[in-house]
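K.L.:
Please work out how this folds:
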Amino acid sequence: MRIITLIENTPGAPGCVHEHGLSLYVETARHTLLMDTGATGAFADNAAALGLDLSRVDTVVLSHGHYDHAGGLLRLVELAPHARIYMQRGAGRDFYHGDRYIGIDKAILDLPNLHLLDGDCRLDEELFLFAGITGRRFWPRSNLELRTTAPDGTPVQDDFSHEQCLVIAQEGKHILLSGCAHNGILNILDRYRQLFGADPDVAVSGFHMKQAAPYTPEEWAVIDDTAWELARYHTRFYTGHCTGKPAQERLLARMGDQLHPLHSGLPLNL
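P.N.:
Numbering: from 1, shown residues only. Model prediction:
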């Protein structure tokens, strides 16, 4: 099994570009799959630079309904038209950051291989998708700027019920892949424990701690408390994208080699 960060916010492998987005390439015994497709088609350029054949992709998982995770999907469909695409039904709604639209391209909803899910779904003995993350421990405050629309068109706070995570069972290990952890990484891990009764061996996720304004003492305290909580898990963590550089550096200082940064074009050490 191998996982390669096709695209992420920070540079990594020579010849690979980076952008505000996330895409993970995964090879298992049975599948070649993508978790998200970045903000544009640049993930595919990086795959070509790395010698990866995206026409072999048979499965695509969209972690949630934001453009920086689904923006390259239409290009992927051109390269791998047979690939099955899985997203939560609510991920097709309209989403906004302030007045700026950040949802997916609506053309995605017309793709013939799109499978809309309503909650958890086992795809096979290797792949399991889960949603239903309702905990609110250290729920990211940056979520407060993100909106969706009610059925009557009224703007409402996004509750991120459209977020889903992928669990891969391979070679005696369980790998947890998330996108941005809008529901909070600790709440995602709580839901994982409910389902599997243990900790994942590896967890890969943004932590959604990035923000434009300086962090307040209270926000630094939340980051520190999150680090102490994560350090109690028997899990190796990889993070990047929406975690934000200052928060990531703070987490790394407290978690040591239990936490590793993601970079465009670089593989994970599983």
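
K.L.:
So which residue is dead centre in the chain?
P.N.:
The centroid of the chain falls nearest to Gly179 when counting by Cα atoms, centre = their mean (1.0 Å).

K.L.:
Just to be sure, that one is in a helix?
P.N.:
No. Per DSSP: H, G, I helix; E, B strand; the rest coil, Gly179 lies outside any helix segment and is coil.

K.L.:
What distance do you get for the closest residue to it other than its chain neighbours to Asp53?
P.N.:
Closest residue in space to Gly179, ignoring its immediate chain neighbours: Ser63 at 2.7 Å, by Cβ to Cβ, 6 or more residues apart in numbering. For glycine as for every other residue, the C-beta is placed from the backbone atoms N, C-alpha and C. Taking Cβ to Cβ, to the nearest Å as the measure, Ser63 falls 23 Å from Asp53.

K.L.:
higher neighbour count, the two?
P.N.:
Remark: of Ser63 and Asp53, Ser63 carries more neighbours, 28 against 11, as counted by other Cβ atoms under 10 Å.

K.L.:
if I pick Leu62, what's in contact with it?
P.N.:
Counting by Cβ atoms under 8 Å, 6 or more residues apart in numbering, Leu62 makes contact with Asp36, Thr37, His69, Ala70, Leu73, Ile85, Tyr86, Met87, Ala91, Ile104, Gln164.

K.L.:
mind putting the residues you listed in CSV, pLDDT, secondary structure and distance to Cys242 included?
P.N.:
Shown next, in CSV, are the contacts of Leu62 (pLDDT from 0 to 100; DSSP: H, G, I helix; E, B strand; the rest coil; distance: Cβ to Cβ, whole Å):
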residue, pLDDT, secondary structure, distance to Cys242
Asp36, 98, coil, 12
Thr37, 98, coil, 16
His69, 98, helix, 10
Ala70, 98, helix, 15
Leu73, 98, helix, 19
Ile85, 98, strand, 22
Tyr86, 98, strand, 21
Met87, 98, strand, 18
Ala91, 98, helix, 16
Ile104, 98, coil, 17
Gln164, 98, coil, 16
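
K.L.:
Of the residues you listed, which is the nearest to Leu117?
P.N.:
Each of those was checked against Leu117 using Cβ to Cβ; the closest is Tyr86, at 6.1 Å.

K.L.:
what's the burial count for the closest one?
P.N.:
Around Tyr86 there are 20 residues (other Cβ under 10 Å).

K.L.:
Just confirm it contacts Ala70, I think it does.
P.N.:
No. Between Tyr86 and Ala70 there is no contact, the gap being 12.0 Å when judged by Cβ atoms under 8 Å.

K.L.:
Now do the contacts for the spatially closest residue to Ile104 that is not a sequence neighbour.
P.N.:
Leaving out its chain neighbours, the residue that sits closest to Ile104 by Cβ to Cβ, 6+ apart is Ala70, at 4.3 Å. Contacts for Ala70 (Cβ under 8 Å, 6+ apart) come out as Asp36, Thr37, Leu62, Met87, Ala91, Ile104, Asp105, Ile108.

K.L.:
of the residues you listed, buried ones?
P.N.:
In those, burial by neighbour count holds for Asp36, Thr37, Leu62, Met87, Ala91, Ile104, Ile108, counting by 16 or more other Cβ atoms under 10 Å.

K.L.:
Check whether Tyr101 really touches Arg93, as I assumed.
P.N.:
No. Here Tyr101 lies out of contact with Arg93, judged by Cβ under 8 Å, at a distance of 11.3 Å.

K.L.:
just to revisit the earlier point, what's the spacing between the residue nearest to Ile104 and Lys106?
P.N.:
Here Ala70 is placed at a distance of 11 Å from Lys106 (Cβ to Cβ).

K.L.:
Can you get me a residue count around Arg2?
P.N.:
Applying other Cβ under 10 Å, we find 11 residues neighbouring Arg2.
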